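S.K.: would you be able to build a 3D model of this:
(chains A and B)
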2 protein chains.
Amino acid sequence: MANGPQPRPLPSVLLLSLLPIAVWLIFRPLLSPAPPLPALHSSLGFSIIAFVAALYLVPALGGIMVKANLKGRDLLKTYDTPIPESLGLVCASIYILLLILFIPFPFTSWYNGHGGNSSGSKTREGLSINEFPHHLLSLYLSSLLSLLMATMLGFLDDIFDIRWRHKLPIPIIASIPLLMVYYAEGGNTHVVVPIPLRPILRRSLVNLGPLYYLYMSLLSTFATNSINILAGINGAEAAQALVIALSVVLNDLLYLPWPFDFRIPLHLLGGQKEVDVGGVWAAGMAYGSRELVERHLFSLYFMLPLVGVCAGFIYHNWYPARVFPGDTLCYVTGMAFAVVGIQAHFSKTLLLFFLPQIFNFVLSCPQLFGLVPCPRHRVPRFDANTNLLHPSRALFERPPSNLSTLVLRALSLLGLAELTVHPRTGQILETTNLTILNVFLVRLGPMNEKRLVQVLICTQIAGSVFAFVVRYGLAGLVYDGDRR
Amino acid sequence: MANGPQPRPLPSVLLLSLLPIAVWLIFRPLLSPAPPLPALHSSLGFSIIAFVAALYLVPALGGIMVKANLKGRDLLKTYDTPIPESLGLVCASIYILLLILFIPFPFTSWYNGHGGNSSGSKTREGLSINEFPHHLLSLYLSSLLSLLMATMLGFLDDIFDIRWRHKLPIPIIASIPLLMVYYAEGGNTHVVVPIPLRPILRRSLVNLGPLYYLYMSLLSTFATNSINILAGINGAEAAQALVIALSVVLNDLLYLPWPFDFRIPLHLLGGQKEVDVGGVWAAGMAYGSRELVERHLFSLYFMLPLVGVCAGFIYHNWYPARVFPGDTLCYVTGMAFAVVGIQAHFSKTLLLFFLPQIFNFVLSCPQLFGLVPCPRHRVPRFDANTNLLHPSRALFERPPSNLSTLVLRALSLLGLAELTVHPRTGQILETTNLTILNVFLVRLGPMNEKRLVQVLICTQIAGSVFAFVVRYGLAGLVYDGDRR
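M.R.: Below is the predicted model of the structure:
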């Protein structure tokens, strides 16, 4: 039996040289003249710190996890050295602690005195905080509470090993602070009705009331669990989180009042008009709405450090993995996405970034809901001789029902499952497990684990590109005006 | 070897009959006419639920803790059945979840529409919330964050078994959200100078600035650790927390605008004047200050459910204990006290309720700081034959230094330690461990564990009575006017 991999080396000089840059970014806004979006500078600095902290602390604390019996065997390797598990806890702790330390930056009047009107009120209008943003602080704190609860519950899940049927609703508990504060703040529960439905509903806005709260808690459940079930190969969870977070960041950046002009060739994507550029808000999609800019800044404050922490973590979690994330990472990243989707009001756009996860979830439904047998692990099967992964299979112990047969035949026709049928009766004996990872292996043939996670990442990126096309190209067909 | 105790029976009929009362209290304020302090009604209802939940969930989840290897032997018993440990996590979870569910009650305008002016604006003036209390909501949420972090860190301490020297500063981390929000909100860092010091400082208010933040984080460290080191016998931690919480509640009640008049015979306690009664605020010590009432309501919202949860927990933790609290309970209760002391601005009064803990801490210093050897456990020694506890002892492996000898001689003279000296040289060979529990045993003779915890509770109560005398009797000598 071979030994497990050695810890990955850390290029200390390179990494530690990042720290002065981070400190500069954090405190630069305190110097006069203040930059246009001061707290965003600081947030970027904190994200670099998150990255460096994850890089160093994750391997350093792996030993403690192993000692507390938080370890697991890597199922798709030839060695069975115990790999430290639940390092997502370390990532979550870094992430949340930095978010807490960040509190004074957007929520004080530090920047008011600086820059003054000398730098021109035109570019900075509406950006410096004039009255104390109590309302935003409450939202920020409730988001932190939900993140912390998600971390706590994810870690309890790792410790007590809760069965998946029982843990599906756990993120709902973690979303309670979000819902409570949203309610206490008298949050908006109206949604814009898509144009094709307006003649039916006879209005352009509809108040979902309590249904909106249900939607919010289901969003957090979905975001958390959909990442959790698309797991099993080295780097999968962190890579998904990283790509989604980067997509959200990119989307947020579109709404910021950039000091320089840029145009998005919307007409190429099927949009009816060019983006209006100019005015005090310069470029950006915010169309002069201070609220939109604030929302997307809020989202950036949560997403940038998440990018940092995931990037640092994936360095150690990349094939062959030195550490495992545990459920904690899925819980905290999923909750972070739900938080920004809800608080910054772009949950539909967010869901577009989850296309591979939605596909994986829909595909998994026959197994999750008992139509097809569901083994405890659905990860691809590892062939130690060739070092390749093959689709794993679920065996029918009893003959499948007519509905199961129909569903599986359809999936097989679409090329999403490979069936083993009885040579004479034609009865389905076996099917490949219904996950996106197995679909990749069915379609593209056996490949090694590193290759598979690369395919997953490419799919996630392709999904995000498609999401942008849909959001900024096609959305004009069903939503009008300022598409918030 | 005898078997451990069976689970304590729960009188279900009696307990479940509490639930309708709790529900009534929670939702009564929604009916018209609303009571004068609507959210306090609901808080009381939540506290009853906390009590019942702790009573039922603590024993129910004990098994899960044992399975996850969170168990310990009761050192002061004849049996060595493993006792579930870390049940403080269950208490903390109930407590925090209820505090989160409570959010809409004080922080919405539910009550504004009810009662109207018909019930007389005189008694309700300043009590119904007219504008949204964003400021208070932020404080509430930051307190919840600190409590949740304390829970998390306490549980990590239980899992990873952090050494005491390393865990001393942990509560400082948990207090960061408190400090950050206090800072972001531009919290007051002025303190009133005691009258005797005013001629020296030449002012009646002094701005402590950053020192005030240091003071706040040290307060949370002290509140947490002082309960944690006064532990080791069944029920000790929960009983201390319960008595302190009840004392805080009693103190808060003094400031509420009671609909009926009552007078506190301050002159009996040495006060110079009677309490002014009357006006819109009726009785109470708030002297018409809406801010004072709000602060003490805030404190009650946190203390009442804590009382409920501790009372429920102590039923199972009472001698002979069926469950242990773990560090989690100390962390969360300590942080809860720090939170109300800081946010409601009565930290000096709070410290008065910690007199036994302060005594215990000061007494422990020679052992904590290495003057006297400190064994891993300083709990009293158990004599299985008589079922009595005796003072435990620390053995000097090297001859004590002159300073150690001096300190121990002084403590011995005060009756706080019992020394074993070399019959010829007079050199100290052994001392009883320097904890308040050992002092009780030295002064009152050996007793059984139940008796010892009763003595501890009586001491804690006596301390609180003394605290009230000092606070409302003697404080007039060093502070003037409205003593906030």
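
S.K.: closest residue of chain A to chain B?
M.R.: Evaluated by C-beta to the nearest C-beta, chain A has A:His134 as its residue closest to chain B, separated by 3.3 Å. For every residue, glycine as well, the C-beta is placed using N, CA and C.

S.K.: give me the nearest residue to that residue, chain neighbours excluded.
M.R.: B:His134 (3.3 Å; C-beta to C-beta, 6 or more residues apart in numbering or on different chains).

S.K.: ok, now A:Asp383?
M.R.: In space, A:Asp383 is closest to A:His390, 6.0 Å off (C-beta to C-beta, 6+ apart).

S.K.: what packs against the strand of greatest length in chain A?
M.R.: Across chain A, the longest stretch assigned as strand under DSSP state E is strand A:428-432. With contacts taken as 3 or more C-beta pairs under 8 Å, 6 or more residues apart in numbering or on different chains; DSSP states H and E, strand A:428-432 sits against strand A:393-395, helix A:402-413, strand A:419-421, helix A:436-444.

S.K.: low-confidence ranges in the stretch 251-400 of chain A?
M.R.: When residues are selected by pLDDT under 70, those of the stretch 251-400 of chain A lie in A:259-288.

S.K.: quick one: contacts for the residue of chain A closest to chain B?
M.R.: Residues near A:His134 by C-beta atoms under 8 Å, 6 or more residues apart in numbering or on different chains: B:His134, B:His135, B:Leu137, B:Ser138.

S.K.: and which of those residues is nearest B:Met303?
M.R.: The closest of the contacts of A:His134 to B:Met303 turns out to be B:Leu137 (C-beta to C-beta; 18.6 Å).

S.K.: just checking, that closest one touches A:Tyr182?
M.R.: No. Assessed by C-beta atoms under 8 Å, B:Leu137 is found out of contact with A:Tyr182, at 11.8 Å.

S.K.: most neighbours among the contacts of A:His134, which one?
M.R.: B:Ser138 (26 neighbours; other C-beta atoms under 10 Å in any protein chain shown).

S.K.: in three-state terms, label it for me.
M.R.: Under DSSP: H, G, I helix; E, B strand; the rest coil, the three-state class of B:Ser138 is helix.

S.K.: where is pLDDT lowest across the contacts of A:His134?
M.R.: Across the set of the contacts of A:His134, B:His134 stands lowest in pLDDT, at 75.

S.K.: circling back to that earlier point, how about the helices and strands packed on strand A:428-432 in TSV, adding distance to B:Thr405 and mean neighbour count?
M.R.: Shown next, in TSV, are the helices and strands packed on strand A:428-432 (distance: least, C-beta to C-beta, whole Å; neighbours: other C-beta atoms under 10 Å in any protein chain shown):
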stretch	distance to B:Thr405	mean neighbour count
strand A:393-395	75	16
helix A:402-413	83	15
strand A:419-421	84	15
helix A:436-444	71	20
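
S.K.: select, out of those, the one closest to B:Ile100.
M.R.: helix A:436-444 (35.2 Å).

S.K.: show me what the closest one is packed against.
M.R.: Packed on helix A:436-444, when contacts are counted by 3+ C-beta pairs under 8 Å, 6+ apart, are helix A:355-368, strand A:428-432, helix A:449-472.

S.K.: please work out which of the ones you listed is packed deepest.
M.R.: Neighbour counts (mean count of other C-beta atoms under 10 Å in any protein chain shown) averaged over each of these peak at strand A:428-432, with a mean of 20.

S.K.: could you say what helices and strands the longest helix along chain A packs with?
M.R.: Ordering each helix of chain A by length in residues (DSSP state H) puts helix A:38-67 first. Packing partners of helix A:38-67 (3+ C-beta pairs under 8 Å, 6+ apart): helix A:12-16, helix A:18-27, strand A:83-84, helix A:88-101, helix A:290-317.

S.K.: and the helix or strand that contains A:Ala336, is it in reach of chain B?
M.R.: Using DSSP states H and E, A:Ala336 falls within helix A:326-343. No. Using C-beta under 8 Å from any C-beta of the partner chain, helix A:326-343 stays clear of chain B, with a minimum separation of 11.2 Å.

S.K.: of all the residues in that helix, which ones are buried?
M.R.: Buried residues in helix A:326-343, counting neighbours by 16 or more other C-beta atoms under 10 Å in any protein chain shown, are found at A:326-343.

S.K.: so what's the gap between it and the chain middle?
M.R.: 7 Å (C-alpha atoms, centre = their mean, to the nearest Å).

S.K.: residues contacting the helix or strand just after that helix, please?
M.R.: With elements assigned by DSSP H and E, the helix or strand that comes after helix A:326-343 is helix A:347-353. Residues outside helix A:347-353 that contact it (C-beta under 8 Å, 6+ apart) are A:215-216, A:219, A:223, A:244, A:247-248, A:251, A:337, A:340-341, A:358, A:463-464, A:466-467, A:470-471.
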